[in-house]
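Engineer: Here is a sequence together with a model predicted from it:
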Amino acid sequence: MKLNERSLAFYATCDSPADNAGFLYKRGERHTAYHRRWFVLKGNMLFYFEERDSREPVGVIVLEGCNVELCESAESFAFAIRFGGTKSRTYVLAAESQEAMESWVKSLSRASFDYMRLVVRELEKQLQEMSRGLA
């Protein structure tokens, strides 16, 4: 599949259901102030927008090969999306409540293809065990 800005913007704003959506505070990479952004999680892509009604995302984070973890920050309810590698960026986000933070951490942790592969393997294993039990 070939992706470009237009196809990503369409996917980010189309009517397909989101796995999670809401406002989070995102810490800037150069200027470390937090900015309130609207985030939409679809599959393994986390889109963020200036406002909830924005037509195009400001950015997208592809969640493959990342770890989501709680972190220390000046903001309450902060967590980080970390990628492996020495020059990889870490995204620091903060939710508006404990419940929202827990929901986002859970959703983001389950968003990668690797996680889905583990779930499928576990379900296949359970199916094989059930099949052996019926035989």
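Structural biologist: Yep, that arrived. This is a predicted model, so every value here is computed, not measured. Residues are numbered from 1 along each chain as shown.
Engineer: For L41, give me its contacts.
Structural biologist: 18-21, 47, 107-108, 111 (Cβ atoms under 8 Å, 6 or more residues apart in numbering). Just so you know, the C-beta spots here come from the backbone N, C-alpha and C atoms, and that holds for glycine as well.
Engineer: What ranges does this structure have for its strands?
Structural biologist: If DSSP state E is used as the criterion, the strands of the chain fall at 20-27, 34-42, 45-49, 59-62, 66-70, 78-83, 90-94.
Engineer: I'd like to know which of the ones you listed is closest to N4.
Structural biologist: N4 lies closest, by Cβ to Cβ, to one member of the strands of the chain: strand 59-62, at 12.0 Å.
Engineer: And that closest one, how far out from the chain middle?
Structural biologist: 9 Å (Cα atoms, centre = their mean, to the nearest Å).
Engineer: Buried residues, that strand. List them.
Structural biologist: 60-61 (16 or more other Cβ atoms under 10 Å).
Engineer: Walk me through which strands that strand pairs with, and which way each runs.
Structural biologist: Under the criterion DSSP bridges, strand 59-62 sits next to strand 45-49 (antiparallel) in its sheet.
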